[in-house]
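*Asks:* when you get a sec, could you give me coordinates for this:
(2 chains)
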Amino acid sequence: MRIGPLLSLAWKESRTARRRLLLYMSSISLGVAALVAIDSFASNTQRSVREQARALLGGDIALSSRQPFPKSLVVALDSLKSEGVALTEVTTFTSMALLERTGGTRLAQIRAVTPGYPFYGTILTEPAHQWAQLQSGRFALVDPSLLLAVNGRIGDTLALGFARFIVIGTLTSVPGDVGVSSAIGPRIYIPARYTDETSLLLFGSRSDREVLLRLTPKLPAHLFNFRFKERLEAAQVRSRTVAETEFNLTQAIDQLRDFLSVIGLVALLLGGIGVASGVNAFVMRKIDTVAVLRCLGATSRQVLAIYIVQAIAMGFLGAAVGAVLGVGIQLALPSVLADFLPLDVGITLESSAILTGMLVGVWVALVFAMRPLVALRNVSPLQTLRRESDAAALRGARVDPLNILVSVTMVLSIAALGVARADTVQQGLMFAAGIAGAVGFLYLTAAALSSGARRLVRPRWPFVLRQGVASLYRPGNQTRSVVLALGFGVFLMSTIYQVQQNLLRTVDVKLDASRANVIFFDVQGDQGEPLDSLVRASGYTVVQRTPMVPMKVSSVNGVPAARLLTDTTNGGRRPGWVVRREFRSTYRDSLVASEKLTAGTFHTGGSAAPAMPEVSVDKGVARDLRLSLGDTIVWDVQSVLVPTRVTSFREVNWTRFEPNFFVVFETRALDKAPKQFVVLADVRGTGAVARLQRDVVTRFPNVASLDLTLIQQTVANVLGKVTSAIRFMAALSLALGIPVLFSAVSATRRERLREGVLLKVLGATRRQVGRIMLAEYLLLGSLGSVAGVVLSVGGAWALMRFVFKQPFVPALVPAALVALLMIGIAVSIGMLTGRDVFRETPMAALREA
Amino acid sequence: MLEARQLRKEYRSGDHTLAVLRDVTFTIPDGAFVAVVGPSGSGKTTLLGLLAGLDVPSSGSVWLDGTDLGRLSEDKRAQLRGAKVGFVFQSFQLIPTLTALENVQVPLELRGDDGAPARARELLARVGLGDRVDHFPNQLSGGEQQRVAIARAFSNAPRLLFADEPTGNLDSETGERIVELLLTLNRESGTTIVLVTHDLALAGRAQRIIRLADGVVVSDASTERPRSAVASMAG
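*Replies:* Alright, predicted model coming up:
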């Protein structure tokens, strides 16, 4: 048969089945939609990164450090000006902001900028163009959230430390800054020349410096790096170029895409299962037609070709619907993710993403449809004379090469998709294996249920229940496909909620662990006592006052810090962070609740000079510094060298919201050293925290304080944004399950109809028939849901353990809710698909016979 | 010419082997009208399946115009059916998604015949359904559906037509009209007709009756009805 007549026959023959076939094929639509949306969005974002990388960095090169740049470096950088290189600088630190008119206070991120900042990109303000005015006086530009928090407005005076600034506008867009970051502490931009006036950068205060350079064609970034590499390294200054920024961002987006792709692929494969079970039902309806076609001289190849053409056409339509949907999602994504993206994403249609999504979709639909379709070759023309059961009519040879080929293609396709989407072949194969594992688990559960039901059923059970249970194992039952579809849906949704609940719980633990609700920091040594008295005089309790001394490692066992970085003895090189970092250590002679001794004995303050003072080190730091008990560390405490002996290691619970330290000294070693305090207070009563904060900032302008309930709100705020993304994913998983479930259920619709009508002939009432169906779907729904929940607990445990590195507690309430929802959906779909049973009269059975 | 040589068909059921047909041998010359009769379970339908190449015998052979059907692959047998064989079934077996016209066209389209629509229309007109060509099977009465089936059976101008209880699902008056139609077509086109039935009155219209009982031919006799007589009856 030539291709034209074949297509024509395929088209005509599909007449009544097109809608049904399209429904089955729509199972893949959402998978395609997910792939198209994810790939398009990733391409859009990457293009935007390329276009905006310079604006995101603000200069051709950014140099950053936690400490002031050494004099020699400053001089060297200044000398570049003669070569035409321009410099600008931003210093970032935290401080209390006090709005004088309202008395409102809020911890804020202060960014003191020199003229010219930034070289590239535009900072947008409300009213417009205020950025250009910033440097012309004691002015400040602030995040709108700050004004909201302190009840202020444009034109108000803001006190930062000892300096006063007039708020001349609010920030609407800062290139390179993520919206979420302002939720943690609102930003305040001020001119750098007034930084000293604030007196906020005192001893021990944390501040970050960033110098932006605008290079010249004569001195491109690589040449600059070549010239300054050693000096920058020596000064512990980090340098970033535009290309590096672009690379880092692109990599982050790639990771996000990889993660989302996994979900897209799961969606697609779930869709494939839906296609397979739907086409299976379709095939059963076509046995008679195929038998006639065979009688009339059609070869098995022609028959197969007719139905493959139909499947491809409908798969294409399903994929096209998905692609349109995907483009829709792509348009919505930037606004959903706006707070998490450091740049404006320009949206363009990505034809390659659309094409890839559709091709993959059609291929998956076809591969999964092929399995049931090849069975049509087995339909003998003899079925026209003597019709056997559907299963018998489709039964083929035990070893069918085509069948094996289709199965192998299916497995290879899944593996190939996994590999194509993952970074490495290994990851891709692991992904494919993970899916196979989940499917295998659900399949085995269903098989166990099917065979278990046969043994479980008891003659004394009510008839309707027995019938309902019996339908789980009758020939051609739908137990496996429904459990698979339901289980996977529940698995995805419940995993998302399990992880969310567990993450929320870790945040709760942090806040509940301490009685304190206000924390004061940057308290200078001589401010400790007066602050204490102020808090007590106001009628509140000081829960803790912890001294803090900044220091660096000078040497370990006689090896100077600089050499520690390159020293490979005693177990390889030490990571740079642990050697270079500024340690903020405390001193006390006992352990606190958030610590646990893992080795040695904690110092009790008993040792006396001339013995070396003892220190206890966090076990992670000890590992990175390659320390053993008894080792000697010499610390550089404000240029005073303090030798110590390591006598214990501790494990610290960093999730507790209280001051925790890597290194704890014996008291006598540090009590004379210049220090800062962190003070925790318990302040109750409405408005009490705000009043105390105002009193403290008025008397000690450099002392920053944080209302922990505010943190709670901030966290809730950020989580709220995450939650909306989670809801979106959950809704997607739910949406995925439904067409698949429809396909699975309608696969056995005809049998059910026949059986239901026959039961009616034999005297069953509509009510009884309804109850039988209800029993069956309740059982199927419950089993699929329970299997999905079990899988999700495993999946969520793995995610918490290996990705978030947090303890896991199963969240049963959301799991139960998801399970109930899915049972409800399964029953609804089942009853909806079987509604014809109620409508049909017993006559139908007679007519059909 | 259709020839059955020592046909045997067995079915295995567990340890038992059931011979549904045993040692069936006969020859049907071109243009003949032969009825195969016998009680239910005598092996009629099995014999029809073997003669039409829908199934293969356990032993023995079926020869159609000098070709041993048992030696052909299933697809080759399908092609042979498409070229030389037509079917009329008790339950009509029209494809429900195709119109009357499209149903009649199928055998022609399967072999890539360009003149399919014209020939199909002509055939439908000849069976009296020229005005129902665009109707779907469920819009036609039983008799009309069977006439579409007959038109389809003749669409490829078969050398051989198998009819399996063609009037079984029809009332006697409609059934009679169907038989007349078959006879007319047999006469006009010289097609060999093999009719399977348990209706003796219907079988009596054939030139020859092969009687089956328990899987063996118990009698094979001419009805002594000359072909001219058949022709005159049909006329």
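
*Asks:* pLDDT below threshold where in chain B?
*Replies:* B:224-235 (pLDDT under 70).

*Asks:* try it again with 50
*Replies:* B:226-235 (pLDDT under 50).

*Asks:* near chain B, which residues of chain A show up?
*Replies:* Of all the residues in chain A, those in contact range of chain B (CB under 8 Å from any CB of the partner chain) are A:1-2, A:5, A:8-9, A:12-17, A:288-289, A:291-302, A:380-382, A:384-386. Every C-beta, even on glycine, is put in place using the N, C-alpha and C of the backbone.

*Asks:* now, which of the residues you listed lie within helices?
*Replies:* Using DSSP state H, the members of the residues of chain A next to chain B that fall within helices are A:5, A:8-9, A:12-13, A:288-289, A:291-295, A:300-302.

*Asks:* buried ones among the residues you listed?
*Replies:* The neighbour-count test (16 or more other CB atoms under 10 Å in any protein chain shown) applied to those identifies A:5, A:9, A:12-13, A:288-289, A:291-295, A:300, A:302 as buried.

*Asks:* which residues in the stretch 601-750 of chain A form strands?
*Replies:* For the stretch 601-750 of chain A, strands defined by DSSP state E, counting those that start in this stretch occupy the ranges A:614-618, A:632-637, A:640-652, A:663-665, A:676-682, A:704-707.

*Asks:* can you add mean pLDDT and mean neighbour count and give these back as a markdown table?
*Replies:* Below are the strands of the stretch 601-750 of chain A laid out as a markdown table (pLDDT from 0 to 100; neighbours: other CB atoms under 10 Å in any protein chain shown):
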| stretch | mean pLDDT | mean neighbour count |
| --- | --- | --- |
| strand A:614-618 | 91 | 25 |
| strand A:632-637 | 91 | 19 |
| strand A:640-652 | 91 | 19 |
| strand A:663-665 | 92 | 26 |
| strand A:676-682 | 87 | 22 |
| strand A:704-707 | 80 | 22 |
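
*Asks:* let's have the ones you listed in CSV, adding distance to residue A:781.
*Replies:* Output for the strands of the stretch 601-750 of chain A, formatted as CSV (distance: least, CB to CB, whole Å):
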stretch, distance to residue A:781
strand A:614-618, 50
strand A:632-637, 63
strand A:640-652, 45
strand A:663-665, 56
strand A:676-682, 50
strand A:704-707, 47
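
*Asks:* if we can go back for a sec, closest to residue A:768 out of the buried ones among the ones in helices among the residues of chain A next to chain B?
*Replies:* residue A:288 (30.5 Å; CB to CB).

*Asks:* the closest one and residue A:387 touch, don't they?
*Replies:* Yes - counting by CB atoms under 8 Å, residue A:288 does reach residue A:387; the two are 7.4 Å apart.

*Asks:* for chain B, which residue occupies the most central location?
*Replies:* Closest residue to the average C-alpha location of chain B: residue B:162 at 1.1 Å, with CA atoms, centre = their mean.

*Asks:* that one and residue B:47, how far apart?
*Replies:* 10 Å (CB to CB, to the nearest Å).

*Asks:* now the common contact residues for those two.
*Replies:* Common contact partners of residue B:162 and residue B:47 (CB atoms under 8 Å, 6 or more residues apart in numbering or on different chains): residue B:196.

*Asks:* rewinding a little: most widely separated two among the buried ones among the ones in helices among the residues of chain A next to chain B?
*Replies:* Longest span within those, CB to CB: A:5 and A:288, 21.6 Å.

*Asks:* top strand in chain A by residue count?
*Replies:* Longest strand of chain A, by residue count under DSSP state E: strand A:541-556.

*Asks:* what is the mean pLDDT for that strand?
*Replies:* In this model, strand A:541-556 has a mean pLDDT of 87.

*Asks:* wait, is residue A:466 part of a helix?
*Replies:* Yes - using DSSP: H, G, I helix; E, B strand; the rest coil, the assignment for residue A:466 is a helix.

*Asks:* closest point of chain A to chain B, which residue?
*Replies:* The nearest approach of chain A to chain B comes at residue A:297, 2.1 Å away (CB to the nearest CB).

*Asks:* find the nearest non-adjacent residue to that residue, please.
*Replies:* residue B:82 (2.1 Å; CB to CB, 6 or more residues apart in numbering or on different chains).

*Asks:* what does residue B:167 give?
*Replies:* Nearest non-adjacent residue to residue B:167 (CB to CB, 6+ apart): residue B:175, at 3.2 Å.

*Asks:* ok, then the element right after the helix or strand where residue B:63 lies?
*Replies:* For residue B:63, the host element (DSSP states H and E) is strand B:59-64. Heading C-terminal from strand B:59-64, the first helix or strand you meet, by DSSP H and E, is strand B:67-68.

*Asks:* does chain A have contacts with that next one?
*Replies:* No - using CB under 8 Å from any CB, we find that strand B:67-68 stays clear of chain A, coming within 14.9 Å at best.
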